[in-house]
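Colleague: coordinates only, sequence not included:
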DNA sequence: CTCAAATATTTACCTAGCTAAGTAATTTAT
DNA sequence: ATAAATTACTTAGCTAGGTAAATATTTGAG
């Protein structure tokens, strides 16, 4: 006996995330960024210079994904990589150019996010977050 | 003034969907399928033979994505493509092998989905779906 | 002190989103 | 009837997830 409600939920989740990513990418393209690149910039702004491990752990993404994205960002002048004290690690910093552009991008992303979240009240957003946190929470997360 | 609540919501959404896709892919790998391939098989089981356009419209994905995924599935013996009456279109059918495997895969996916949704009550799942449908709903969807 | 285990990053190779542009068949308008 | 527009699908090329395995450095056990 298959649970149709659950299946619909996951189907819907996938669709929504794709749609949202698309919208955000569309806004970001004006600034020469992609969604995942922006998430790294945002991270760096929030926490300051950090190692790649800190980044992928925070973003919940695998290390090779971050390696590749950072290469692109370095090539495009968004970040620089410095060797850490521990010579295995590389510390990632935003470039001055990135810092200058940050505010504008941040506001553009905020605007599209607000727009997409607009049909939901503040309480509904809280509730939605609550439900999402419960979904798929197997162990200590 | 940036809306932190909203930003956290989208961050959480992304994380959850990645985590879920990973879990589902993990289960599906036992059956030689990936998430997106399974979604097509599921679609075909539900609606019977259908054109590629019908598939990508249902899945809310772009046409080239479906083209590529179907090629892989055809190569692996999951589906066959027949020419439609309208010679532009190709009608996609599950192979007999796929039909035979369907039930087992369907149950495996259902189980992991139930597991992931387990922390949520039936009402919470309904509510979550309701909230997701409202999120990012700009025009007539 | 030395050598094995752990850690940080990378490389190679999958799948799967997307857009832009191309081809072939069908519709539609003139 | 014919040419233009639309539709179905494909190809090429980009980004970004993932895993498995390699390299370099550090840590730790004996």
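Modeller: Okay, I see it. In this text, all values refer to a predicted model and were calculated from it rather than measured experimentally. Residues are numbered from 1 along each chain as shown, chains lettered A, B, ... in the order given.
Colleague: and the most centrally placed residue in chain A, what helix or strand is that in?
Modeller: The residue lying closest to the centre of chain A (CA atoms, centre = their mean) is residue A:39, at 3.3 Å. Under the criterion of DSSP states H and E, residue A:39 resides in helix A:35-47.
Colleague: what about chain A, any weak spots by pLDDT?
Modeller: Along chain A, segments meeting pLDDT under 70 span A:137-141.
Colleague: so how many other residues sit close to the residue nearest to residue A:89 when sequence neighbours are not counted?
Modeller: Excluding its sequence neighbours, the residue lying closest to residue A:89 (CB to CB, 6 or more residues apart in numbering or on different chains) is residue A:51, at 4.6 Å. Heads up, the C-betas are built off the backbone N, CA and C, glycines and all. For residue A:51, the number of neighbouring residues by other CB atoms under 10 Å in any protein chain shown comes to 16.
Colleague: residue contacts, residue A:51?
Modeller: Counting by CB atoms under 8 Å, 6 or more residues apart in numbering or on different chains, residue A:51 makes contact with A:84, A:89, A:90, A:91, A:92.
Colleague: returning to what we had before: what lines up beside the helix or strand just after the helix holding residue A:39 in the sheet?
Modeller: As assigned by DSSP H and E, the chain's next helix or strand after helix A:35-47 is strand A:50-51. Partner strands for strand A:50-51, per DSSP bridges, with pairing direction: strand A:90-94 (antiparallel).
Colleague: and chain A, which residues reach DNA strand D?
Modeller: A:34-37, A:39, A:60-62, A:64-65, A:68-69, A:72, A:85-88 (CB under 7 Å from any atom of the strand).
Colleague: before we move on, the earlier item: mind listing what's buried in the helix holding residue A:39?
Modeller: Applying a neighbour-count criterion of 16 or more other CB atoms under 10 Å in any protein chain shown, one finds A:35, A:36, A:37, A:38, A:39, A:40, A:41, A:42, A:43, A:44 buried in helix A:35-47.
Colleague: want to throw those into JSON lines with distance to residue A:1?
Modeller: Conversion of those to JSON lines gives the following (distance: CB to CB, whole Å):
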{"residue": "A:35", "distance to residue A:1": "38"}
{"residue": "A:36", "distance to residue A:1": "39"}
{"residue": "A:37", "distance to residue A:1": "44"}
{"residue": "A:38", "distance to residue A:1": "43"}
{"residue": "A:39", "distance to residue A:1": "39"}
{"residue": "A:40", "distance to residue A:1": "44"}
{"residue": "A:41", "distance to residue A:1": "47"}
{"residue": "A:42", "distance to residue A:1": "43"}
{"residue": "A:43", "distance to residue A:1": "43"}
{"residue": "A:44", "distance to residue A:1": "48"}
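Colleague: Using JSON lines, lay out these together with distance to DNA strand C.
Modeller: What follows is the buried residues of helix A:35-47, written out as JSON lines (distance: CB to the nearest atom of the strand, whole Å):
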{"residue": "A:35", "distance to DNA strand C": "11"}
{"residue": "A:36", "distance to DNA strand C": "11"}
{"residue": "A:37", "distance to DNA strand C": "13"}
{"residue": "A:38", "distance to DNA strand C": "15"}
{"residue": "A:39", "distance to DNA strand C": "16"}
{"residue": "A:40", "distance to DNA strand C": "12"}
{"residue": "A:41", "distance to DNA strand C": "17"}
{"residue": "A:42", "distance to DNA strand C": "18"}
{"residue": "A:43", "distance to DNA strand C": "13"}
{"residue": "A:44", "distance to DNA strand C": "13"}
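Colleague: Write out the residues of chain A neighbouring DNA strand C.
Modeller: A:18, A:22, A:51-53, A:63-64, A:67-68, A:70-71, A:81, A:84, A:86, A:88-90.
Colleague: do that again at 6 Å, thanks
Modeller: With the criterion set to CB under 6 Å from any atom of the strand, chain A comes near DNA strand C through A:18, A:22, A:51, A:52, A:53, A:63, A:64, A:67, A:88, A:89, A:90.
Colleague: Wait, residue A:65 touches residue A:52, no?
Modeller: No. With the criterion set as CB atoms under 8 Å, residue A:65 and residue A:52 do not qualify as a contacting pair; they are 10.3 Å apart.
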